[in-house]
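Trainee: Got a predicted model here, sequence first, then my questions.
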Amino acid sequence: MEKPSTLLVHFDKGSAAMASEIKADLEGSDVAAKVDAMKRAVMLLLNGETLPQLFITVVRYVLPSEDHTVQKLLLLYLEIIDKRDAAGRVLPEMILICQNLRNNLQHPNEYIRGVTLRFLCRLSEPEVLEPLVPSILENLEHRHHFIRRHALSAISAIYRLPHGDQLIPDAPELVERALASEQDASARRNAFAMLCACAQERAVAYLLSNADRVAEWPDLLQMAAVDLIRKVCRSTNRADKGRYIKIIISLLSSTSTAVVYECAGALVSLSSAPTAVRAAANTYCELLSSQSDNNVKLIVLDRLNELRTSHRDVMVDVVMDVLRSLTSPNLDVKKKVLDLVLDLLTPRNVEEVVLYLKKEVVKTQAGELEKGGEYRQMLVQAIHACAVEYPEVAGSVVHLLMDFLGDTNVASAVDVVLFVREIIETNPKLRVSMIQRLIDTFYQIRASRVCSCALWILGEYSLSLSEVESAISTIKQCLGDLPFYTVSEEGEATDSAKPTQQVVNSVTMSSRRPVVLADGTYATQSAATEAISTPSVALGSSLSTLNLRSLILSGDFFLAAVIACTLTKLVSRLDEVQPSKVEANKACTGALLIMTSMLQLGQSSYLPHPIDNDSYDRIVLCVRLLCNTGDDVRKIWLQSCRQSFAKMLAEKQFWETEEMKAKAQVSHAQPDDLIDFYHLKSRRGMSQLELEDEVQDDLKAATGGFTKDADDANRLNRILQLTGFSDPVYAEAYVTVHHYDIVLDVTVINRTKETLQNLCLELATMGDLKLVDRPQNYTLAPESSKQMHANIKVSSTETGVIFGNIVYETSNVMERSVIVLNDIHIDIMDYISPATCADVAFRNMWAEFEWENKVAVNTVIQNEKEFLDHIIKSTNMKCLTPPSALDGECGFLAANLYAKSVFGEDALVNISIEKQFDGKLSGYIRIRSKTQGIALSLGDKITLKQKGGS
């Protein structure tokens with residue numbers, strides 16, 4: 001039978017055969033052999049051996065020993081042996097050791113006294129402790145602090161026993177007297193902790209009487225004082241809360257960072273007064289700048305983020321102090337800092353924040369920072385968010401960021417070009433300068449996706465004659481001479497503008513990989529590597545501008561189609577702004593030549609892969625439009641695209657605003673709740689902080705801040721029946737899932753007329769669940785009940801199962817009875833919550849994650865949108881596809897869903913469904929994640945729920 005143990009030592013060579021050897025060594029006179037024998041005896045006992053014959057040997061040959069090591073091992077031996085018989089009575093031989101313990105408590109050596117007192121802290125037998133009490137109390141006045149410290153611990157442990165107040169009835173008074181005269185920090189802390197646990201009113205009286213000197217206390221005692229204040233202020237009596245807050249404010253200047261951190265947390269939990277919250281925020285910021293440990297920084301940032309949710313107005317004042325933590329080299333710290341700062345932007349501080357971020361972007365150019373590319377990408381995204389919320393600051397940063405369009409970190413360059421695209425639409429005043437800057441820096445761009453977006457911007461926002469002509473000229477310059485290849489006399493195809501070697505390198509280094517499109521379908525995309533061989537000196541610097549040419553020759557025909565569309569838009573606009581028809585026709589002819597050259601390249605054998613059908617159709621469409629332009633077509637190409645983009649931005653802004661409004665909703669007061677009026681309050685003898693705290697408490701009461709959110713009805717829904725009503729023992733469990741912990745509160749009822757002995761709840765787990773502690777054995781009277789608790793640790797997002805049984809004994813039956821319990825299934829929905837991420841981030845994760853679970857659609861629901869809503873509700877995920885993209889009835893639907901787990905894991909889901917002729921839905925739901933557990937568990941959940949049931 002398992003029992004609680006206060007000692008744990010690893011030993012894997014235990015054997016009962018060693019008992020005789022141990023006995024022989026203990027009876028000998030060799031001290032070293034005795035030490036070794038005692039160690040082996042302790043290890044055997046810890047491994048479940050009883051060794052009953054050894055006790056008398058220990059009493060005869062080990063008790064008299066004067067060796068300190070032997071005495072220490074003797075106390076460990078006495079700590080772990082059984083001191084009671086089967087009936088629960090103390091064994092008579094235990095009385096033999098009382099005299100030895102009393103002698104140790106009066107021993108001239110301080111170490112012997114100290115370790116004996118420490119042993120008594122773990123002794124729970126009143127019959128053994130009672131004769132030792134006078135000797136323990138004498139040690140309270142010993143000259144050495146080591147002994148006084150452990151004497152106080154022993155008194156505290158004895159007083160907290162079930163009948164400890166009978167053993168030492170005046171313990172609180174004695175400890176209070178000792179505390180008043182004590183000088184040692186650890187002894188004072190032990191005494192104060194005893195008063196906090198056993199005589200709280202005495203501890204409070206001592207604290208308030210020394211309120212002015214608390215700042216001078218040692219840090220151990222200060223921590224105990226903060227814990228006491230927390231405990232007292234949680235009670236209903238809040239009369240002296242102002243005095244406690246003053247004590248905590250004085251402790252914020254402590255030299256111990258642990259005390260300062262605890263004080264800041266206690267201050268926020270006790271008071272909502274702006275002065276108190278500001279003091280806590282400043283304390284956290286100081287810890288953020290002074291501590292070098294990244295884990296500490298992350299914890300402090302979490303506390304600041306909690307402050308932001310409830311006290312945003314106060315946190316706005318410390319935003320620059322938080323920003324200074326960007327000096328940390330750790331990317332996780334930087335990300336948390338940027339996320340926190342973006343939530344604290346106001347019209348007053350946005351310029352200062354953007355200026356600081358701008359300086360950080362410049363620092364990344366030096367190349368000294370580790371992972372500078374990733375950091376720059378985070379900074380670009382942060383500046384983008386600032387500029388979207390406060391467009392007036394965009395002008396100060398957009399030109400600097402446009403220098404990074406040619407960044408070697410493609411993700412960072414994509415973020416920059418998306419930022420430019422949004423700002424050029426929302427800030428018309430910056431359009432002219434941004435177009436000119438884009439034309440000047442276009443040749444530096446090396447990434448295909450960045451080129452595509454930049455070309456779209458040039459095609460949509462080049463409005464004046466000079467801009468259109470410059471854009472067309474830049475595109476032609478980046479494409480180089482036509483045709484793209486020539487056939488030599490030997491019949492070999494070579495690039496007309498580059499050496500053969502470079503072309504071969506470009507082609508062999510190209511790669512093709514499947515990508516997920518916006519609608520969730522798969523496509524094959526050709527992507528050229530960014531390593532380009534050095535051009536020959538003879539050709540000079542002309543080839544450094546041929547970025548579009550190198551990408552097209554690597555097989556990127558999607559980019560070729562984008563170039564064709566951009567040229568079509570530019571030539572169409574040139575017809576409107578160019579007075580000379582000759583120049584317009586000349587530009588049109590040049591554009592047609594480029595398009596036909598790209599088509600010719602795509603259909604030749606020069607490249608290993610021919611042009612795809614989509615790109616071919618798109619380029620042919622552009623050729624036809626330039627040959628036969630009309631007003632209706634020109635209007636679609638020159639106006640409708642930009643209008644659609646503006647509509648998309650407006651809708652995005654609308655949904656972000658709606659989400660912010662939903663988050664900002666607060667609970668309101670119930671009818672007939674009491675409201676105190678601030679101006680009618682008595683201010684006599686109250687400091688400004690106390691007055692603010694009273695006002696904040698009144699506001700909380702008025703707005704329902706003190707009301708509990710937990711609903712009893714929801715609690716009842718989480719109760720699981722473990723046994724049947726006809727079983728001798730009825731059991732039910734209430735399951736609480738809190739991040740990494742699962743707590744089982746099990747109620748056990750004895751439904752028989754007999755007393756059940758050694759009733760034990762035995763649990764086992766399957767999956768990534770681990771039982772932390774096993775419930776102990778109980779004796780259950782007839783028709784009585786008992787509450788049991790079990791803690792389970794969770795290590796990953798995976799559906800787990802808890803199963804077990806209840807074992808008990810009765811006086812009539814000698815064998816143990818077993819009742820098998822119903823299984824408890826831990827739902828994956830308790831671990832994941834809806835989250836948002838950018839479309840680019842979703843695509844990147846979809847490409848990276850290796851675990852995919854493909855679930856076929858099988859449902860009775862016949863409406864696509866209704867099925868999507870049902871899956872979202874069942875999986876607790878957020879739909880990233882905007883509502884406008886899901887509108888209308890077209891017979892098919894594709895949407896992306898996203899969620900994050902409490903362990904930081906990402907869950908990606910893509911739904912692609914189509915309505916068949918018979919009205920049924922068909923298609924697939926794909927789940928991707930980094931780990932296998934979440935993909936399988938989410939797939940099982942969807943399979944179970946998708947039919948449309950509850």
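Mentor: Noted; the coordinates are in hand.
Trainee: show me the contacts for Met829.
Mentor: 875-876, 941 (C-beta atoms under 8 Å, 6 or more residues apart in numbering). C-beta here means a position set from N, CA and C on the backbone, and glycine is covered the same way.
Trainee: most neighbours, which of these?
Mentor: Top of the contacts of Met829 by neighbour number is Thr875, holding 23 neighbours under the definition other C-beta atoms under 10 Å.
Trainee: related to what we said a few turns ago, okay if I get the contacts of Met829 as CSV plus pLDDT and secondary structure?
Mentor: Listed next are the contacts of Met829 as CSV, based on pLDDT from 0 to 100; DSSP: H, G, I helix; E, B strand; the rest coil:
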residue, pLDDT, secondary structure
Thr875, 86, helix
Asn876, 84, coil
Lys941, 84, helix
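Trainee: Return the member of those nearest to Thr57.
Mentor: Lys941 (61.9 Å; C-beta to C-beta).
Trainee: That closest one contacts Ser874, doesn't it?
Mentor: Yes - if you go by C-beta atoms under 8 Å, Lys941 and Ser874 touch, sitting 6.9 Å apart.
Trainee: For Arg928, grab phi and psi.
Mentor: phi -130, psi 140 (degrees, to the nearest 10).
Trainee: contacting residues around it?
Mentor: Arg928 neighbours (C-beta under 8 Å, 6+ apart): 845-846, 849, 851-853, 908-910, 935.
Trainee: beta partners of it?
Mentor: Glu852, Leu908 (DSSP bridges).
Trainee: Against Met845, how distant is it?
Mentor: 8 Å (C-beta to C-beta, to the nearest Å).
Trainee: cool, and Ser572?
Mentor: From Ser572 to Met845 the distance is 39 Å (C-beta to C-beta).
Trainee: Counting neighbours around each, name which of these two comes out higher.
Mentor: Comparing Ser572 with Met845 by other C-beta under 10 Å, the one with more neighbours is Ser572, at 22 against 17.
Trainee: For that one, give its distance to Leu626.
Mentor: Taking C-beta to C-beta, one finds Ser572 at 8 Å from Leu626.
Trainee: circling back: now for Arg928 and Met845: what residues contact both?
Mentor: What both Arg928 and Met845 touch, as defined by C-beta under 8 Å, 6+ apart, is the set Leu908.
Trainee: returning to that earlier point: the contacts of Met829 into JSON lines, with extra columns for distance to Val300?
Mentor: Shown next, in JSON lines, are the contacts of Met829 (distance: C-beta to C-beta, whole Å):
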{"residue": "Thr875", "distance to Val300": "34"}
{"residue": "Asn876", "distance to Val300": "30"}
{"residue": "Lys941", "distance to Val300": "36"}
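Trainee: So which of these is the closest to Asp830?
Mentor: Asn876 (9.1 Å).
Trainee: isn't the closest one right up against Pro834?
Mentor: Yes - counting by C-beta under 8 Å, Pro834 is a contact partner of Asn876 at 6.4 Å.
Trainee: Name all residues that sit in contact with the two at the same time.
Mentor: Common neighbours of Asn876 and Pro834 (C-beta under 8 Å, 6+ apart) are Ala899.
Trainee: what's the most distant pair in the contacts of Arg928?
Mentor: Farthest apart among the contacts of Arg928 - using C-beta to C-beta - are Met845 and Asn853, which lie 15.2 Å from each other.
Trainee: hmm, which of the contacts of Arg928 are the buried ones?
Mentor: 845-846, 849, 853, 908-910, 935 (16 or more other C-beta atoms under 10 Å).
Trainee: Show the residue spans covered by the helices in the stretch 601-750 of the chain.
Mentor: 613-627, 631-635, 641-664, 688-703, 712-717 (DSSP state H, counting those that start in this stretch).
Trainee: Touching the longest one from outside, list them.
Mentor: Identification of contacts with helix 641-664 by C-beta under 8 Å, 6+ apart yields 388, 421-422, 425-426, 460-461, 569, 882-884.
Trainee: again, only using 7 Å
Mentor: 422, 425-426, 460, 882, 884 (C-beta atoms under 7 Å, 6 or more residues apart in numbering).
Trainee: circling back: could you tell me the least trusted of the helices of the stretch 601-750 of the chain?
Mentor: Least confident of the helices of the stretch 601-750 of the chain, judged by mean pLDDT, is helix 688-703 with a mean of 55.
Trainee: hmm, back to that, relative to Phe119, which of the contacts of Met829 is nearest.
Mentor: Among the contacts of Met829, and counting by C-beta to C-beta, the member closest to Phe119 is Asn876, at 52.2 Å.
Trainee: what's the distance between that closest one and Glu141?
Mentor: 63 Å.
Trainee: Equivalent analysis for Val801, please.
Mentor: Distance from Val801 to Glu141, by C-beta to C-beta: 58 Å.
Trainee: cool, and Arg188?
Mentor: Distance from Arg188 to Glu141, by C-beta to C-beta: 15 Å.
Trainee: higher neighbour count, the two?
Mentor: Here Arg188 and Glu141 are compared on neighbour count by other C-beta under 10 Å; more neighbours surround Arg188, at 23 against 11.
Trainee: Scan the contacts of helix 641-664 and report the most crowded one.
Mentor: In these, the most neighbours by other C-beta under 10 Å go to Glu460, 22 neighbours.
Trainee: Name the nearest residue to that residue, ignoring sequence neighbours.
Mentor: Arg642 (5.1 Å; C-beta to C-beta, 6 or more residues apart in numbering).
Trainee: What is the burial count for the one you found?
Mentor: Based on other C-beta under 10 Å, the number of other residues close to Arg642 is 14.
Trainee: hmm, back to that, what is the nearest of the contacts of Met829 to Ala171?
Mentor: Taking these together and measuring to Ala171 by C-beta to C-beta, the closest member is Asn876, at 52.5 Å.
Trainee: list the contacts for the closest one?
Mentor: Per C-beta under 7 Å, 6+ apart, neighbours of Asn876: 829, 832-834, 899.
Trainee: Weed out the non-buried ones from those.
Mentor: 829, 832, 899.
Trainee: what's around the residue lying closest to Leu458 once chain neighbours are set aside, how many residues?
Mentor: Closest residue in space to Leu458, ignoring its immediate chain neighbours: Ala471 at 4.5 Å, by C-beta to C-beta, 6+ apart. If you count neighbours by other C-beta under 10 Å, Ala471 ends up with 26.
Trainee: pLDDT weak spots in the stretch 301-450 of the chain?
Mentor: Flagging of the stretch 301-450 of the chain using pLDDT under 70 yields the residue ranges 367-370.
Trainee: Tell me how many other residues surround the residue lying closest to His145 once chain neighbours are set aside.
Mentor: Nearest residue to His145, sequence neighbours excluded (C-beta to C-beta, 6+ apart): Asp184, at 3.6 Å. Residues lying near Asp184 (other C-beta under 10 Å) number 16.
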